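K.L.:
Sequence first, predicted coordinates after that:
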Amino acid sequence: MTVRTMMLPALVALLAIGCGSEDQLRRVEQEVGDLKLEVFKLRQAVDDGNKKAQAEQQSAAEARTQDRRFQADLQESLRQVQDTTRVLNNRLNSPVKVPARTAAADPPPATTVSAEDERAFNAAVLDYNRGNYPLAAEGLDTFLTTYPQSAKRPEALFFLGLCHYNLRAYLKAQPAFERIIKDHAASPQFLPAKLKRAQCLLKQGLKPAAVKAFRELVDGFSGSAEARTAQQELSDLGL
């Protein structure tokens, strides 16, 4: 037997092993490719899940923010209703001190209310009660211009101030209340106007001036509903 003849089986065996190794390599490569695809799909699923979770968290955070704003607006609305009710309906239970004023400082005596200005005033107040504050403010401005000597003037000024206050236009509301304090000190709206003026100052961030105004009510008109509200405002400020 020649050497060539002896080597032939060995070569056949090596070729068989080589072919088997190539097949195994291809299978391994295929499995690796499949694994890579699965990993990619898993990563994509994880990313999608993270994005969905982030979106849900953001949505929940926005919902919580909106809820807090709604609660704050609701509390502010309730507080305004309480203030208005307190200053307009609880006055009979409180003694009222009115500072002395000279006759020269007061405007001419108001005339009686005519049917015409009564209708104009009531129409503006109706718009206010409906929550249409811009229209009510316009009507009250017209009323004050058309009927400057009306007995309803202090009330009209007070409702005008409330319109601007409820619209958070505190800089516009303040002068209306100050006109009552200056020109109509003997009217039932005097103390309510002093209280709302102080609250306007506070809303504008003028804390020292607001604190002073609240203390004027507490010290000068003790026992009144406005003084009690002013004291609560001071307590809320930690004073």
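P.N.:
Thanks, I have the structure now.

K.L.:
where's residue 50 relative to residue 42, distance?
P.N.:
Separation of residue 50 from residue 42 (CB to CB, to the nearest Å) stands at 13 Å. Heads up, the C-betas are built off the backbone N, CA and C, glycines and all.

K.L.:
shared neighbours of these two, anything?
P.N.:
Shared contacts of residue 50 and residue 42, defined by CB atoms under 8 Å, 6 or more residues apart in numbering, are absent.

K.L.:
Show me which positions of stretch 196-211 end up buried.
P.N.:
Neighbour counts over stretch 196-211 (16 or more other CB atoms under 10 Å) mark 196-203, 206, 210-211 as buried.

K.L.:
what does it contact?
P.N.:
Contacting residues not belonging to stretch 196-211 are listed as 83, 87, 158, 161-162, 165, 168, 170-171, 173-174, 177-178, 181, 213-214, 216-217, 230, 233-234, 237, 239 [CB under 8 Å, 6+ apart].

K.L.:
Determine how far the last residue of it lies from the first.
P.N.:
Terminal residues of stretch 196-211 are spaced 13 Å apart (CA to CA, to the nearest Å).

K.L.:
burial count for residue 173?
P.N.:
Neighbours of residue 173 under the rule other CB atoms under 10 Å: 25.

K.L.:
Show the contacting residues for it.
P.N.:
Residues near residue 173 by CB under 8 Å, 6+ apart: 161-165, 196, 200.

K.L.:
May I have stretch 128-140 exported as PDB, CA atoms only?
P.N.:
What follows is stretch 128-140, C-alpha atoms only, in PDB (Å, rounded to 0.1, in the frame of the first residue of the first chain):
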ATOM      1  CA  TYR A 128     -72.800  90.500  38.800                       C
ATOM      2  CA  ASN A 129     -74.900  87.700  40.400                       C
ATOM      3  CA  ARG A 130     -74.700  85.800  37.100                       C
ATOM      4  CA  GLY A 131     -71.000  85.900  37.200                       C
ATOM      5  CA  ASN A 132     -70.700  88.200  34.200                       C
ATOM      6  CA  TYR A 133     -68.300  90.600  35.900                       C
ATOM      7  CA  PRO A 134     -67.100  92.500  32.800                       C
ATOM      8  CA  LEU A 135     -70.600  93.300  31.700                       C
ATOM      9  CA  ALA A 136     -71.600  94.200  35.300                       C
ATOM     10  CA  ALA A 137     -68.500  96.500  35.700                       C
ATOM     11  CA  GLU A 138     -69.500  98.200  32.500                       C
ATOM     12  CA  GLY A 139     -73.000  98.700  33.700                       C
ATOM     13  CA  LEU A 140     -71.900 100.000  37.000                       C
END
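
K.L.:
now that stretch: how far from the chain's centre is it?
P.N.:
Its chain's C-alpha centre and that of stretch 128-140 lie 21 Å apart, by CA atoms, centre = their mean, to the nearest Å.
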